Structure formats: structure tokens, C-alpha cells
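Asks: Got a predicted model here, sequence first, then my questions.
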Amino acid sequence: MGSKNIYIMSKKRVGIIGAGPSGLAQLRAFEAAKKKGEEVPEVVCFEKQSNWGGMWNYSWRTGVGKYGEPIHGSMYKYLWSNGPKECLEFSDYSFDDHFKRPISSYPPRPVLFDYIQGRIKKDNVRDYIKFDTTARWVSFDETTKKFTLVLDDLKNDKTYSEEFDYLVVASGHFSTPNMPYFKGIENFPGNAIHAHDFRGADQYKDQNLLLIGSSYSAEDIGVQCHKHGAKSVTLSYRTNPIGVKWPEGIKEKPLVTHFEEGVAHFKDGTTEEYDAVIMCTGYQHKFPFLPDQMRLKTKNNLYPDNLYKGVFFNELPQLIYLGMQDQYYTFNMFDTQAWLARDYMLGKFKLPSIEERRKDIDYWLERNENLKTGYDDVDFQSDYIKDIIKLSDYPGFNIDEVAVMFKEWLNDKEECILTYRDKTFQSVVTGTMAEEHHTEWMDEMDDSKERYLYQPEEEEEDDVKMNSKRY
Ligand code: FAD
Ligand code: NA7
């Protein structure tokens, strides 16, 4: 056997679980290295859905999919970006690259899905992904230092396994509901679901709706339902209210103590009758395919313990987790993580000792403990990205400027939760100023890409502004 063959046989193998934005970032990172002429490992990505995009790949289904797997998607109709797109822009593929013209700062889901796909459609990234394939179980051999990944080919009903030198877990963490129990809810006569199963506001028209939770899901689902005709929306908080100036029709109350039929009792002694309940109570980090000693165990926060640089599992750094933090930054953060992980797998980024890694993790955990305000959170995640972006050749972007935009976004929401999506921001990647959307967000009932990208003729523009509901 010639030496070339030996080399080919010993080519490292990388397995990626999940083809959402994080898994796709990892694939893109390897493609970028390949384009620069670097030798890259053999990479295989496994995705349990039939398409890529993770959360952004909308599913009408709830419960289980056609092959009986738990449905991953938690997104819903009428979902518009909940932060400025300028804060998540890929620095190697701008919105201008994709849309060829300025668009607004808060696009709807199908438009962002289109953008995510645009970057990878240019490469042959799809060839590396095995769709309809669920990662079922992982083991690690201490002697060979290889992972064995057991997979279910759902379409063909076949179970098989593959070996990998590195395993990248990019399976997301906003999919498995955290579902609390409230006494008496079993007798609630209406619909009581978790936000994971919410698929759109239409069915809540003219209803009195109770949402439990006080974070992004409660805020966004509450506002969507208000926009689409719910009679009233009550948000019930456990720790702190969201505390913005709510319009008439939305209010906040302390936590529910129990239910009596359709009536909710609250901690402040008040009661109110509701038609439906949605638990916006967050998600669990859930990795049913990982054994105890490899499993990331954390609640949703900005710096999960045990991950060096937020990515490398400290006891076994060949095991890499992407996108496991709570997220202000999203796509661009996943990229900075994926580029760093790639360089480690290529042998270009060397890890310090386990003790030094632990010290670094502790430094970030301590900072995380002391965060108090939304501004603190933004600065923390900005600093985290600054810390890791310098370790790879991911194209730099003005992180300080993005942090300023995030803070403006927080202020805009406080000022008016119904109009913050009408604001515009400037790209730090291209300098392009976003355009105002042709219709104010509160009047825009259609979230399709076609409607979004529709450009009225000049003479129509005045009409559109005067009577945006007409289109
Ligand atoms: P995901 O997008 O969750 O992708 C994970 C992928 O892994 C999925 O495709 C899944 O099918 C696959 N997978 C899971 N388990 C397995 C397995 N065992 N085997 C094989 N494949 C598996 N972010 C924003 O930037 N802006 C927003 O407006 C925004 N809104 C959001 C609204 C909602 C309701 C939710 C839930 C999230 C929102 N996010 C938003 C955050 C969103 O999670 C991220 O933008 C992004 O999708 C995270 O990417 P990911 O690849 O890490 O995870
Ligand atoms: P988050 O941001 O993790 O927030 C979870 C919320 O649920 C938070 O307000 C919690 O209150 C509340 N919660 C959790 N458990 C309970 C119980 N038992 N009772 C009452 N309230 C509870 O999840 P989201 O779904 O809002 O957002 C996740 C992502 O989805 C996000 O990135 C968005 O982009 C969309 P607490 O403050 O802990 O008391």
C-alpha cells in the first residue's frame, strides 16, 4: 500500500449533528478553508428533518413528525425577526450579497430562511448532509479516541453506525419544552399548550389568552396574538415582569397559583377567566443521544458551564458544542464558534491544559453571575465574541457597533413594543442603511417573502403609506 493510500485511510472524520444555522456554520467554515487550499477532514452532517435551516425551517406539525420523531420546530406563522438583522449578519455573506438591495431591519422568518440558504447554496454543502437521519446514541472509545455514532435512517428504517474523530453537537436548545404544572390545570376547559406547539395567532382571535412566562416567547407570542385579534392577553411572570409600556389589551400579572376550571388565580389574589393558556416557560437543553459523561447539563444562560471558549467540552474537547448559549447574537456568533472549532480540528488552534481551560471557563462564569441588566448581557456576549473571533480568520466586524444596536433595540422595545420593528439600522458589514418596510409592522398581516420583497411602483408608494392595509 502506497503512502498516499495510508494518508487517505487516516483522514480524520468529523460528524455534525444538526443542520440548523450552527451546523451549517460548521460546514461553511470547512468550505472556506477548502477554498483557501487547505486540506480538510471528511465531514458528514446528520439532520433528522428533511431540510436544513433548523428552527427557520418552519413545520406546521406539532407532536411527532411523519417518522415518529419529536418535532424540532418551535417557530410559528407571522414570526418576524425579534432583533435587528444587522445584529446577526454573516460577515462573509452580507444581506446586500443576498438581496442585491437594501431591505428592512426586521424581516419575517421566510426571508431570513432564504438568507441562511443563500450562503450555502453557492457551495455543494448539501452533499455533506444526510437528511431524515437521527443521531440516536454516541459512545467514545478511550483507546482509539474515536466516537461511534449510532444513526437511524428514518426513510429506509435502517439503523447503522459511523466512527468519527470529532463530534460537533449542533442540535439546538429551543425545542424540548420546559412545561411546569399548575394545580387544577388538568381541568382547564380550553386549549393549554407550550409555546413549542404554538403555530400562529389565528386560532386565538377574539379569545382571552393567558401566557405564563416573561421572556422572548411570552413577549412575542403575546404581541402577535394582540396584533392578530386576541380579545385580551395576560402575561404572568414568576420573577420579573417584562415591564415595557403595554398597549391596551395586554397586561402583566404575577404568577398563577392555580386554576379552577377556566379561572386562573394569581399570587396577588386576583382571578380572571381565560379561553386558552400558552406556557412560554422556556426550553430544556436535551441531548437524548448523549451518555451522561458527555452531556452538557445547563439551564438557558449566556455561559453554560464546562465549555471552554463556549464550545469545547472540557473533559473531552473532541466533543464540540455549537450555539448552546442563550442568544443575543445568533448567526454571526455561531460562525465565530464554528471557525474556531474548525481550526482546532485542523490542528491550527491548540488547546491549553484542562486546568487552564477550567480557569478560563470560571472567569466567564463569574462574570456571567454578576450580570444585572440587558445592557450587561449585551456587553458580556459581545466580549465573548471578541474573545473568540480573534482566534480564527473569521472576517472581523465591528462588534462594539453591534452592541450599540442591541442596546438601541432594547430601548426601542421599551418605548413601544408595537413599533420597534419599524426602526432601521446600518449594516456593520457593508455600511448599507436598511430601508423602511413598505408597510408598518402592525398593519402587515402577510409574512411571505413575496409580499415582503414586493416593491410598489413609485406612483403607488404614497397610496401604500396612506393605506397600507390595502395590499
Ligand atoms: P436549531 O436551529 O434548533 O437547529 C438544530 C438542528 O438540529 C435542527 O435542524 C434539528 O432538526 C437538528 N437535530 C436535533 N436533534 C437531532 C438529532 N438527534 N439528530 C439529527 N438532527 C438533530 N434567532 C434570531 O436570530 N432571530 C429571531 O428572531 C429568532 N427567533 C426565534 C424564535 C423562536 C420561537 C425560537 C425557538 C428561536 C428563535 N431564534 C431566533 C433563535 C434560533 O434558535 C437561532 O436563530 C438558531 O435557529 C439556532 O440555530 P442552531 O443550529 O443552534 O439550532
Ligand atoms: P427563556 O428566555 O429561557 O425564558 C423562559 C421564561 O419562562 C422566563 O420568563 C422564566 O421565568 C419562565 N419560566 C420558566 N419556568 C417557569 C415556571 N415554572 N413558572 C413560571 N415561569 C417560568 O425562553 P423563551 O422561550 O422565552 O425564549 C427562548 C428563545 O425562543 C429565545 O431565544 C427567542 O428568540 C425565542 P424566570 O425569569 O426564570 O422566573
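Replies: Perfect, I can see it now. Ligands and ions are numbered 1, 2, ... in the order given.
Asks: I'd like the distance from the strand or helix carrying residue 333 to the chain centre, please.
Replies: Using DSSP states H and E, residue 333 falls within helix 331-345. Distance of helix 331-345 from its chain centroid, counting by CA atoms, centre = their mean, to the nearest Å, is 16 Å.
Asks: from now on call the first residue 23
Replies: New numbering, starting at 23: the last item is helix 353-367.
Asks: Remind me what that helix packs against, helices and strands.
Replies: In terms of contacts (3 or more CB pairs under 8 Å, 6 or more residues apart in numbering; DSSP states H and E), helix 353-367 is packed against helix 43-57, strand 341-343, helix 396-411. (Glycine included, C-beta is placed from N, CA and C.)
Asks: what's the angle between that helix and helix 43-57?
Replies: 50 degrees (axes from the mean of the first three to the mean of the last three CA atoms, to 10 degrees).
Asks: For ligand 2, tell me whether helix 353-367 is touching it.
Replies: No: counting by CB under 6 Å from any ligand atom, ligand 2 is not contacted by helix 353-367; separation bottoms out at 12.1 Å.
Asks: If you compare the directions of that helix and helix 396-411, what angle comes out?
Replies: Going by the same axes, to 10 degrees, helix 353-367 makes 30 degrees with helix 396-411.
Asks: residues contacting the spatially closest residue to residue 349 that is not a sequence neighbour?
Replies: Using CB to CB, 6 or more residues apart in numbering and skipping the chain neighbours, the partner closest in space to residue 349 is residue 355 (7.0 Å). When the contact criterion is CB atoms under 8 Å, 6 or more residues apart in numbering, the partners of residue 355 are 345, 347, 349, 403, 406, 407.
Asks: Can you name the residues that contact the last one?
Replies: Residues in contact with residue 407 (CB under 8 Å, 6+ apart) are 351, 354, 355, 358, 421.
Asks: Surely the fourth one is in contact with residue 417?
Replies: When you say that, I think you mean residue 358. No: when contacts are counted by CB atoms under 8 Å, residue 358 is not listed as touching residue 417 (10.0 Å).
Asks: Those two: which is more packed in?
Replies: Taking other CB atoms under 10 Å, residue 358 and residue 417 do not tie; residue 358 has more neighbours (29 against 15).
Asks: before we move on, which element is the residue lying closest to residue 210 once chain neighbours are set aside in?
Replies: Excluding its sequence neighbours, the residue lying closest to residue 210 (CB to CB, 6+ apart) is residue 281, at 5.3 Å. If you go by DSSP H and E, residue 281 is part of strand 278-282.
Asks: Give me the helices and strands touching the helix or strand where residue 255 lies, please.
Replies: Using DSSP H and E, residue 255 sits in strand 254-259. On a contact count with 3+ CB pairs under 8 Å, 6+ apart, strand 254-259 meets strand 230-234, helix 238-249, strand 272-276, strand 285-288.
Asks: Can you say which of the ones you listed is nearest to residue 170?
Replies: helix 238-249 (36.5 Å; CB to CB).
Asks: other SSEs contacting that closest one?
Replies: Looks like helix 238-249 contacts strand 230-234, strand 254-259, strand 272-276 (3+ CB pairs under 8 Å, 6+ apart).
Asks: Now with 7 Å, please.
Replies: For helix 238-249, the packing partners by 3 or more CB pairs under 7 Å, 6 or more residues apart in numbering; DSSP states H and E come out as strand 230-234, strand 254-259.
Asks: Which one, of these, ends up nearest to residue 291?
Replies: Evaluated over these, closeness to residue 291 peaks at strand 254-259, with 13.8 Å, by CB to CB.
Asks: now what about the closest one, what contacts it?
Replies: With CB atoms under 7 Å, 6 or more residues apart in numbering as the test, strand 254-259 has contacts from 230-234, 236, 240, 244, 247-248, 264, 271-278, 288, 294.
Asks: low pLDDT regions in the stretch 23-172 of the chain?
Replies: 23-31 (pLDDT under 70).
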